[in-house]
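Asks: Structural data only, the sequence is not supplied:
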């Protein structure tokens, strides 16, 4: 590339990463926006540019999350000039071979999701980068590290990048045991945010957004601390309650749960119930600034394109009590809704009971990875939870004293609760009230029939 000049300035933890050629496992941990992902991607890219025959891998827990974020960063921030010059081209993959970035000198960076791990088992690799490593399991990492055996580079490394999680997480335990070297990145490490001893305009704006966070999200994303949420309402464990997507049998009962919102997110959830009564959240819309009728149109475009349902209709649509919202949703979907049981504490206890691991080793409520249909850009940019999965660890009890003295409030903080409210509505309906019937409507809004279902 005779006319291309690429400037990359590794600082702090990023510089330590580039200089460390002996550690088998390295984890870049830090607050949001410190440049962890860009540093790791640049290391892979420059290694492949500079040495023929390198075999590298970029991976995330799911393929969908990889293509939506990490690969966009790779194309824009790491390999843009090389791609434009024809030194790197993308191969979309086939049934026999995974997608990859192929270098003119014979080096290859394969891209994959850990939701399809079988393709990883036959690889010989020099470098592996796992983005958002807090999403992985210890077994995922053990599978990957066994592939570091290509031997072209002197460094054969597993590189992880992550925002912190709870101190009990397997990544923190891996580092504390000495198996993985943990490097802590700071906002000052990112040249886009900090230059010549001063914050850039972008940096000031980004920090202001992080400073608006509260609770455990503030501690982790603003300061990069491995902390647990104090007073968490639910005992949420991603390694137990978060599962890979799977084909849902047609015979399983379906439900929908809705928490209305406009300035705050409106959560629309699709749930499936198996023969043993377990609930699986398999699809979700979680959006701000969208009218109820537009949500309804999107629901139909997903579940009933062209007016024909491609999956079982929901047995019930359990909604928040917003009368106008329910009426609008019923009119556009052509189905009745059920007003949710709103007792918060009783509903929370019902959800807690479902989250407990049963004698068969499984809980009775789980969320499928990548259930979210589309990320809300405004929530992502504000570092706010953009799906129900991310609300669980932030949902905490209100620990403020009651004005005038007395005991603490016995209620959760009304933040990070939109998807959780929707889930609570459904669980309360099924476990505290009973399974309702549902009516469908004709074009004039007149009930066609009512299905009576015994409980």
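Replies: Yep, it's here. In this text the structure is predicted, and so the values were computed from the model without any measurement.
Asks: In this structure residue 422 contacts residue 388, no?
Replies: Yes. Residue 422 lies in contact with residue 388 (C-beta atoms under 8 Å); the separation is 7.4 Å. For glycine as for every other residue, the C-beta is placed from the backbone atoms N, C-alpha and C.
Asks: shared neighbours, these two?
Replies: Shared contacts of residue 422 and residue 388 (C-beta atoms under 8 Å, 6 or more residues apart in numbering): 267, 269.
Asks: wouldn't residue 253 be in contact with residue 272 here?
Replies: Yes. Using C-beta under 8 Å, residue 253 is in contact with residue 272, at 7.2 Å.
Asks: just for this protein, where's the confidence low?
Replies: For the chain, the stretches with pLDDT under 70 are 1-4, 117-119, 121, 400-409, 436-455.
Asks: Contacts for stretch 307-318, please.
Replies: Stretch 307-318 is contacted from outside by 248, 250, 252-258, 270, 300, 303-304, 329, 333, 335-338, 340, 422, 425-426, 429, 435-438, 453, using C-beta under 8 Å, 6+ apart.
Asks: Can you give the contact residues for stretch 20-27?
Replies: Contacting residues not belonging to stretch 20-27 are listed as 17, 133, 141, 145, 148, 154-162, 171, 174-175, 179-183 [C-beta under 8 Å, 6+ apart].
Asks: just how off-centre is that stretch within its chain?
Replies: 26 Å (C-alpha atoms, centre = their mean, to the nearest Å).
Asks: So what's the residue count around residue 173?
Replies: 13 (other C-beta atoms under 10 Å).
Asks: Quick check: it vs residue 160, distance?
Replies: Distance, residue 173 to residue 160, by C-beta to C-beta, to the nearest Å: 13 Å.
Asks: Then residue 416?
Replies: With distances taken as C-beta to C-beta, residue 416 is found 26 Å from residue 160.
Asks: higher neighbour count, these two?
Replies: Counted by other C-beta under 10 Å, residue 416 and residue 160 do not tie: residue 160 has more neighbours, with 28 against 23.
Asks: Relative to the helix or strand harbouring the more buried one, what are the paired strands and their orientations?
Replies: Counting by DSSP states H and E, the element that carries residue 160 is strand 157-162. Note on strand 157-162: by DSSP bridges, its sheet partners are strand 25-30 (parallel), strand 127-130 (parallel).
Asks: Dump those strands to JSON lines, plus distance to residue 204 and mean neighbour count.
Replies: Output for the strands paired with strand 157-162, formatted as JSON lines (distance: least, C-beta to C-beta, whole Å; neighbours: other C-beta atoms under 10 Å):
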{"stretch": "strand 25-30", "distance to residue 204": "19", "mean neighbour count": "26"}
{"stretch": "strand 127-130", "distance to residue 204": "30", "mean neighbour count": "25"}
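Asks: Out of those, which is closest to residue 43?
Replies: Evaluated over those, closeness to residue 43 peaks at strand 127-130, with 7.4 Å, by C-beta to C-beta.
Asks: distance of residue 390 from residue 431?
Replies: As judged by C-beta to C-beta, residue 390 and residue 431 stand 24 Å apart.
Asks: If you count surrounding residues, which of those two has more?
Replies: residue 431 (19 against 16).
Asks: so how far is residue 371 from the more buried one?
Replies: Using C-beta to C-beta, one gets 21 Å for the distance from residue 431 to residue 371.
Asks: What of residue 13?
Replies: Separation of residue 13 from residue 371 (C-beta to C-beta): 32 Å.
Asks: ok, now residue 421?
Replies: Separation of residue 421 from residue 371 (C-beta to C-beta): 17 Å.
Asks: try residue 109
Replies: The gap separating residue 109 from residue 371 is 28 Å, by C-beta to C-beta.
Asks: I am finished for the moment; much appreciated.
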